[in-house]
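*Asks:* I would like the atomic coordinates for the input below:
(chains A and B)
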Number of protein chains: 2
Amino acid sequence: MTQKIFGHQNPDTDTVTSALVAADIEAQLGNDAKAYRLGEISSETAYALEYFGVEAPALLNEVGSGDEVILVDHNEKQQSAPGIENATITKVFDHHRIANFETEGPLYYRAEPVGCTATILNKVYKEKNLTISKESAGLMLSAIISDTLLFKSPTTTEEDIDAAAELKDIAGVDLETYGLEMLKAGASTSDKSAEQLITGDAKTFDIGEKSVRIAQVNVVDVDEVFARREEIEIAINEEIKRDGYDLFTLIVTDILNSNSKVLALGPEFSSVERAFDVALDQNTAVLEGVVSRKKQVVPNITKALSDL
Amino acid sequence: MTQKIFGHQNPDTDTVTSALVAADIEAQLGNDAKAYRLGEISSETAYALEYFGVEAPALLNEVGSGDEVILVDHNEKQQSAPGIENATITKVFDHHRIANFETEGPLYYRAEPVGCTATILNKVYKEKNLTISKESAGLMLSAIISDTLLFKSPTTTEEDIDAAAELKDIAGVDLETYGLEMLKAGASTSDKSAEQLITGDAKTFDIGEKSVRIAQVNVVDVDEVFARREEIEIAINEEIKRDGYDLFTLIVTDILNSNSKVLALGPEFSSVERAFDVALDQNTAVLEGVVSRKKQVVPNITKALSDL
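*Replies:* The predicted structure follows:
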């Protein structure tokens, strides 16, 4: 049976390329496996795939009881393919916490607290003495650049930096030049609707009794987004009304200067002021040095909501 | 902070030695960690520790919110140390399914579907270019022999066999001779009470609506156990009455001939007859070729109870 390999919904560069790279590892190990994606490819990911001449994986809508699957870059059921609870998970490669995950039998599970799934896959190649092609190196490098924002995110570890240094040589690119071009390719917002901006990379967090939605968009021109503030606020307020969020924040991250500007709406908007010691002006504030949702935004908002 | 490393409750040889071996790996990586055990050492484990001149780890009664812990040979909360839900789990080395396990943050998780945790630890030594001492080799070899019953259990994989072949040379022992002596050291039943026999290695399984308790004891003299059948039945019936089991089976496994004799009591006793196509005589039956609870007993009884 051909095993299906895929990452999380709302696929980002690490999730898409890790599925492709894991499929290459399985092929070299003599196993029958194929990479898939659970949603549309972002313009950043499209840039990386095109640069290294690799086709995007096929779209997968659901899995079922007959399927054997390999998960990359996620493990929580609600982030995975519909029907995942009926499939047999044989392997996982991931760099997130483990939650909402259970198997009937033993499996291969490889997680490490590093910045990117590709950093782990690069190790697996070496541990098993497999060959890293120029294409695989380019895909893994792209994933590391994407997840760490060219090493500016506080999620970056020494292992990510070392892996990127190895992979850039195999891929034959200049790290800074390629990295900035790839990030910029994903950072254009003029072609995106307000709905796309607030749903493209959004996650919901239950913090105490409060439901908090945190959307993030990486850009090179922050002002380009905030010129459309009123249109975006209408879209956010519709989501708040429909889904009952206590707080909705859009984090617009300047990938060149490693800052963010936040737009905060909802009954608990003032928690953002306490979280980052800022005053909101027209519902917005600049967050100096903030680029990571996982390491900076979520912990600070959690603390602000808990201190009430 | 010194991290605490430990395996599951009712510790067996793989759980105790893997805690000691993982502590050696952490020490060689420059990390501060100490091995513990959650219960009494079995006579089999004591034989292995004494043979290789290694002290048993200290007893650990509970962990708390200040603790950082590394789990070996298990992950499910109910098999772990009391208070585990308050501790921070930084690493896991395991060869079981994943269930009842959740973390707040990312962690190192290394599981593979092999016969023994030690087989995975042996890989980790090699991947990280660490030194395997004679003592560590002896402990890992003992764990593999114990979990695979000298490769006679259907849980055995090629990787376990290969690891044992490497480790016996470093440990400087004859595999068959040492293995049989170690298994025999743990197989004496004359010094155990009926309660010890039915609780020493017992697990409860919820199968459909039924609660099934499956105890296993490894022996070289099956008759020695069944000479005490009436005494054992009284102990089992007390457990059935107290805990409401629908089925209680004691699997007495002949480690030299790779067979088992089962004692089955409780309302659903006849499911054992269907499961193995045998007729119970004095509540007992010989199960030819059956040695593994995980791979043989549980699946067959599950099927028999589902076919009703």
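
*Asks:* which parts of the helix or strand of chain A with the lowest mean pLDDT are buried?
*Replies:* Here the helix or strand of chain A ranked lowest by mean pLDDT, DSSP states H and E is strand A:202-207, holding a mean of 86. Applying a neighbour-count criterion of 16 or more other C-beta atoms under 10 Å in any protein chain shown, one finds A:202, A:205, A:207 buried in strand A:202-207. (Each C-beta comes from the backbone N, C-alpha and C, glycine too.)

*Asks:* The last one pairs with what?
*Replies:* Yep, that's A:I207 we're talking about. Taking DSSP bridges as the rule, A:I207 bridges to A:K210.

*Asks:* hmm, who's touching the least confident helix or strand of chain A?
*Replies:* For strand A:202-207, contacts defined as C-beta atoms under 8 Å, 6 or more residues apart in numbering or on different chains pick out A:10, A:211-216, A:245, A:293, A:298, A:301-302, A:305-306.

*Asks:* Any part of stretch A:291-308 near chain B?
*Replies:* No. Applying C-beta under 8 Å from any C-beta of the partner chain, one finds stretch A:291-308 out of contact with chain B, separated by at least 8.8 Å.

*Asks:* who touches that stretch?
*Replies:* Under C-beta under 8 Å, 6+ apart, the answer for stretch A:291-308 is A:149, A:152-155, A:203, A:205, A:207-208, A:210, A:212, A:214, A:216, A:247, A:249, A:251, A:253, A:255, A:258-260, A:268, A:271-272, A:274-276, A:290.

*Asks:* So which of those are in strands?
*Replies:* A:203, A:205, A:207, A:210, A:212, A:214, A:216, A:247, A:249, A:251, A:253, A:259-260 (DSSP state E).

*Asks:* what sits against A:Q79?
*Replies:* A:8-9.

*Asks:* That one and chain B, how far apart?
*Replies:* 14 Å (C-beta to the nearest C-beta, to the nearest Å).

*Asks:* Now do the buried residues in stretch A:180-195.
*Replies:* For stretch A:180-195, by 16+ other C-beta under 10 Å, it's A:180, A:182-187, A:189, A:192, A:194.

*Asks:* And the residue of the stretch 201-308 of chain A closest to chain B?
*Replies:* Chain B sits closest to A:K294 of the stretch 201-308 of chain A, with a gap of 8.8 Å, by C-beta to the nearest C-beta.

*Asks:* and stretch A:239-256, which residues are buried?
*Replies:* A:239-240, A:245-256.

*Asks:* Save the residues you listed as a markdown table, and put in pLDDT and distance to B:S18 too.
*Replies:* Below are those laid out as a markdown table (pLDDT from 0 to 100; distance: C-beta to C-beta, whole Å):
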| residue | pLDDT | distance to B:S18 |
| --- | --- | --- |
| A:E239 | 96 | 48 |
| A:I240 | 97 | 50 |
| A:Y245 | 97 | 45 |
| A:D246 | 97 | 45 |
| A:L247 | 97 | 45 |
| A:F248 | 98 | 47 |
| A:T249 | 98 | 44 |
| A:L250 | 98 | 47 |
| A:I251 | 97 | 43 |
| A:V252 | 97 | 48 |
| A:T253 | 95 | 43 |
| A:D254 | 94 | 48 |
| A:I255 | 89 | 44 |
| A:L256 | 86 | 48 |
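
*Asks:* If we only consider the residues you listed, which is nearest to A:I232?
*Replies:* A:L250 (6.7 Å; C-beta to C-beta).

*Asks:* How far away from the center of its chain is the least confident helix or strand of chain A?
*Replies:* 14 Å (C-alpha atoms, centre = their mean, to the nearest Å).

*Asks:* Measure how that strand sits relative to strand A:247-254, angle-wise.
*Replies:* Relative orientation of strand A:202-207 and strand A:247-254, computed by axes from the mean of the first three to the mean of the last three C-alpha atoms, to 10 degrees: 130 degrees.

*Asks:* Is the closest residue to A:I41 other than its chain neighbours in a helix, a strand, or coil?
*Replies:* Excluding the flanking residues, the one nearest A:I41 by C-beta to C-beta, 6 or more residues apart in numbering or on different chains is A:A56, at 5.2 Å. Put simply, A:A56 is coil when judged by DSSP: H, G, I helix; E, B strand; the rest coil.

*Asks:* from what I can see A:A56 touches A:V16, true?
*Replies:* Yes. Using C-beta atoms under 8 Å, A:A56 is in contact with A:V16, at 7.1 Å.

*Asks:* neighbour count winner among those two?
*Replies:* A:V16 (33 against 16; other C-beta atoms under 10 Å in any protein chain shown).

*Asks:* phi, psi of the closest residue in space to that one that isn't next to it in sequence?
*Replies:* Distance criterion C-beta to C-beta, 6+ apart; nearest residue to A:V16, sequence neighbours excluded, is A:T45 at 5.0 Å. Dihedral pair for A:T45: phi -60, psi -40, per degrees, to the nearest 10.

*Asks:* Can you tell me the SS state at A:G64?
*Replies:* coil.

*Asks:* residues near it, how many?
*Replies:* 11.

*Asks:* List only those of the contacts of strand A:202-207 flagged as buried.
*Replies:* Buried among those by 16+ other C-beta under 10 Å: A:10, A:211-216, A:245, A:293, A:298, A:301-302, A:305.

*Asks:* Least confident of those?
*Replies:* Looking at those by pLDDT, the weakest one is A:N10, with 87.

*Asks:* re earlier: dump the buried residues of strand A:202-207 to JSON lines, plus distance to B:A171.
*Replies:* Shown next, in JSON lines, are those (distance: C-beta to C-beta, whole Å):
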{"residue": "A:A202", "distance to B:A171": "55"}
{"residue": "A:F205", "distance to B:A171": "50"}
{"residue": "A:I207", "distance to B:A171": "52"}
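
*Asks:* Mind jotting down where the helices sit in chain A?
*Replies:* Using DSSP state H, the helices of chain A run over residues A:13-28, A:43-51, A:117-127, A:134-148, A:158-171, A:175-185, A:194-199, A:222-226, A:229-243, A:270-276, A:298-306.

*Asks:* Most widely separated two among the buried ones among the contacts of strand A:202-207?
*Replies:* Of all pairs drawn from those, the widest gap by C-beta to C-beta lies between A:N10 and A:L305 and measures 24.5 Å.

*Asks:* picking up where we left off before, so which of the buried residues of stretch A:239-256 is the closest to A:G83?
*Replies:* Distances from A:G83 to the buried residues of stretch A:239-256, taken by C-beta to C-beta, are shortest for A:E239, at 26.3 Å.

*Asks:* mind giving me JSON lines with the buried residues of stretch A:180-195 and columns for distance to B:I70 and pLDDT?
*Replies:* Output for the buried residues of stretch A:180-195, formatted as JSON lines (distance: C-beta to C-beta, whole Å; pLDDT from 0 to 100):
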{"residue": "A:L180", "distance to B:I70": "40", "pLDDT": "94"}
{"residue": "A:M182", "distance to B:I70": "37", "pLDDT": "96"}
{"residue": "A:L183", "distance to B:I70": "37", "pLDDT": "94"}
{"residue": "A:K184", "distance to B:I70": "42", "pLDDT": "92"}
{"residue": "A:A185", "distance to B:I70": "41", "pLDDT": "92"}
{"residue": "A:G186", "distance to B:I70": "38", "pLDDT": "89"}
{"residue": "A:A187", "distance to B:I70": "40", "pLDDT": "89"}
{"residue": "A:T189", "distance to B:I70": "44", "pLDDT": "88"}
{"residue": "A:K192", "distance to B:I70": "44", "pLDDT": "89"}
{"residue": "A:A194", "distance to B:I70": "47", "pLDDT": "95"}
